[in-house]
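Enquirer: model this:
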Amino acid sequence: MPLDPQTRILLDFIAATGRPSIEQGTPEEGRAGMRAMTVDLVQPDQIVQVGAVEEAKVDGAEGALAARIYRPLGSDPATDPRPTVVYLHGGGFVIGDLDTHDQSCRRLCHDTDAVVLSVDYRLAPEDPFPAAPLDAIAATRWAAANIRDLGGNDVLAVAGDSAGGNLAAVVAQRLGDAISAQLLIYPAADGVGDYPSYAENAEGYFLTLPMLEWFRTNYVPEGADLSDIALVAPLQGDVSGVCPAIVVTAEFDPLRDEGEAYAAKLREAGVPVDAVRYDGLVHGFQEMALMSTAADRAVADMFARFKKLLHPA
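Expert: Take a look at the predicted model:
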């Protein structure tokens with residue numbers, strides 16, 4: 001189907017600003033640009049309301065990490081247990097933080113009636129691969145050990161968008177039965193293969209192939225040890241016995257085909273998987289929900305699907 005008209009308006013606005021593309025700048029400039037498109041655009045009356053928000057510290061692979069806990073309205077870990085979702089933000093392993101994904105985590109908490117633990121894992125190039133997946137694994141293990149204080153019941157899930165979807169898939173593979181469900185939002189599932197969507201959506205749809213290459217170069221430096229390839233490319237890993245998954249893709253996204261290949265691999269391994277492609281949308285649509293009705297509907301739908309996994313009948 002055609003590109004969503006409201007998304008087209010947003011992409012045209014971004015192009016009209018004249019801001020250099022991310023691959024033409026430094027990581028610091030990329031981080032500032034992402035904050036400008038997320039944090040700075042949210043007005044006070046647009047903030048999704050939740051029961052409570054708490055700053056926290058969790059275990060990383062090499063020390064404490066900043067984190068943020070979102071609790072649903074009316075929840076109390078002691079008397080009203082809810083599921084817990086460890087959320088791993090997107091941004092190509094280079095940009096993004098707790099604030100850029102604050103609105104997304106608020107909505108995830110609100111729409112799924114679950115506690116959300118957002119983790120500020122280490123970023124490249126300061127801390128290149130494998131810092132991010134090792135932090136994600138360590139932080140989720142911390143969540144499992146502290147599940148009663150966090151959510152109250154036995155359901156622990158992982159979720160993430162883009163690079164965070166990659167990390168969530170890695171965590172689900174490594175922690176096995178400790179994880180009950182996973183939500184992978186347009187995940188960077190492979191990165192070592194070639195897919196038709198790379199060429200089809202190479203330019204003009206927010207995430208471009210030059211951007212992908214910039215992220216990958218910053219994340220995985222030349223000479224990195226890739227002997228454990230599944231840590232960087234979960235599509236190359238063993239998915240047998242992993243938890244049920246929601247795998248989300250967007251029509252106009254270079255990562256579309258590798259996300260759908262990951263869903264197919266899960267299905268072939270006998271893993272319950274709900275694969276949904278949102279036509280007319282681009283990579284990053286979760287952060288575009290305030291500007292696009294179609295993106296807003298897609299976010300509502302994917303969270304409704306995930307809620308069913310978190311709250312089994």
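Enquirer: could you use CA atoms for every contact and neighbour count after this?
Expert: Noted.
Enquirer: can you pull the contacts of Asp238?
Expert: Asp238 makes contact with Gln173, Ala230, according to Cα atoms under 8 Å, 6 or more residues apart in numbering.
Enquirer: hey, where'd the strands end up in the protein?
Expert: Counting by DSSP state E, the chain has strands at residues 52-60, 63-71, 82-88, 115-119, 152-161, 181-185, 245-252, 273-282.
Enquirer: export the ones you listed to JSON lines and tack on mean neighbour count and mean pLDDT?
Expert: As requested, these are exported to JSON lines (neighbours: other Cα atoms under 10 Å; pLDDT from 0 to 100):
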{"stretch": "strand 52-60", "mean neighbour count": "17", "mean pLDDT": "97"}
{"stretch": "strand 63-71", "mean neighbour count": "20", "mean pLDDT": "98"}
{"stretch": "strand 82-88", "mean neighbour count": "29", "mean pLDDT": "97"}
{"stretch": "strand 115-119", "mean neighbour count": "29", "mean pLDDT": "98"}
{"stretch": "strand 152-161", "mean neighbour count": "24", "mean pLDDT": "94"}
{"stretch": "strand 181-185", "mean neighbour count": "28", "mean pLDDT": "99"}
{"stretch": "strand 245-252", "mean neighbour count": "25", "mean pLDDT": "98"}
{"stretch": "strand 273-282", "mean neighbour count": "20", "mean pLDDT": "98"}
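Enquirer: same list (those strands) but as JSON lines, adding distance to Glu200.
Expert: As requested, the strands of the chain are exported to JSON lines (distance: least, Cα to Cα, whole Å):
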{"stretch": "strand 52-60", "distance to Glu200": "38"}
{"stretch": "strand 63-71", "distance to Glu200": "37"}
{"stretch": "strand 82-88", "distance to Glu200": "28"}
{"stretch": "strand 115-119", "distance to Glu200": "33"}
{"stretch": "strand 152-161", "distance to Glu200": "21"}
{"stretch": "strand 181-185", "distance to Glu200": "20"}
{"stretch": "strand 245-252", "distance to Glu200": "8"}
{"stretch": "strand 273-282", "distance to Glu200": "12"}
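Enquirer: of those strands, which is nearest Leu175?
Expert: strand 152-161 (10.6 Å; Cα to Cα).
Enquirer: can you list the strands that the closest one pairs with?
Expert: strand 82-88 (parallel), strand 181-185 (parallel) (DSSP bridges).
Enquirer: once you drop chain neighbours, what's closest to Leu281?
Expert: Of all residues not flanking Leu281 in the chain, Ala250 sits nearest, at 5.4 Å (Cα to Cα, 6 or more residues apart in numbering).
Enquirer: which strand residues bridge the one you found?
Expert: Going by DSSP bridges, Ala250 forms beta bridges with Tyr278.
Enquirer: next, find the distance separating it from Val299.
Expert: From Ala250 across to Val299, the span is 12 Å (Cα to Cα, to the nearest Å).
Enquirer: what does Ala202 give?
Expert: 24 Å.
Enquirer: who has more neighbours, these two?
Expert: Each of Ala202 and Val299 has its neighbours counted (other Cα atoms under 10 Å); Val299 has more, 24 against 20.
Enquirer: how about that one, what does it touch?
Expert: Gln286, Ala289.
Enquirer: pull the longest helix from the protein.
Expert: helix 293-310 (DSSP state H).
Enquirer: pLDDT at Leu123, what is it?
Expert: With respect to pLDDT, Leu123 scores 98.
Enquirer: repeat for Phe13
Expert: For Phe13, pLDDT reads 89.
Enquirer: could you do Phe303 as well?
Expert: Reported pLDDT for Phe303: 98.
Enquirer: and for Gly74?
Expert: According to the model, Gly74 scores 87 on pLDDT.
Enquirer: would you mind listing the buried residues in stretch 26-40?
Expert: Buried positions in stretch 26-40, judged by neighbour count with 16 or more other Cα atoms under 10 Å: Pro27, Gly30, Arg31, Gly33, Met34, Arg35, Thr38.
Enquirer: want to throw those residues into TSV with distance to Glu287?
Expert: Shown next, in TSV, are those (distance: Cα to Cα, whole Å):
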residue	distance to Glu287
Pro27	20
Gly30	16
Arg31	15
Gly33	14
Met34	10
Arg35	11
Thr38	7
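Enquirer: just these: which are in helices?
Expert: Among the buried residues of stretch 26-40, the ones falling in helices (DSSP H) are Pro27, Gly30, Arg31, Gly33, Met34, Arg35.
Enquirer: with adjacent residues omitted, what lies nearest to the second one?
Expert: The spatially closest residue to Gly30, leaving aside those adjacent along the chain, is Ile22, at 5.5 Å (Cα to Cα, 6+ apart).
Enquirer: what is the neighbour count of that neighbour?
Expert: So Ile22, with other Cα under 10 Å, has 20 neighbours.
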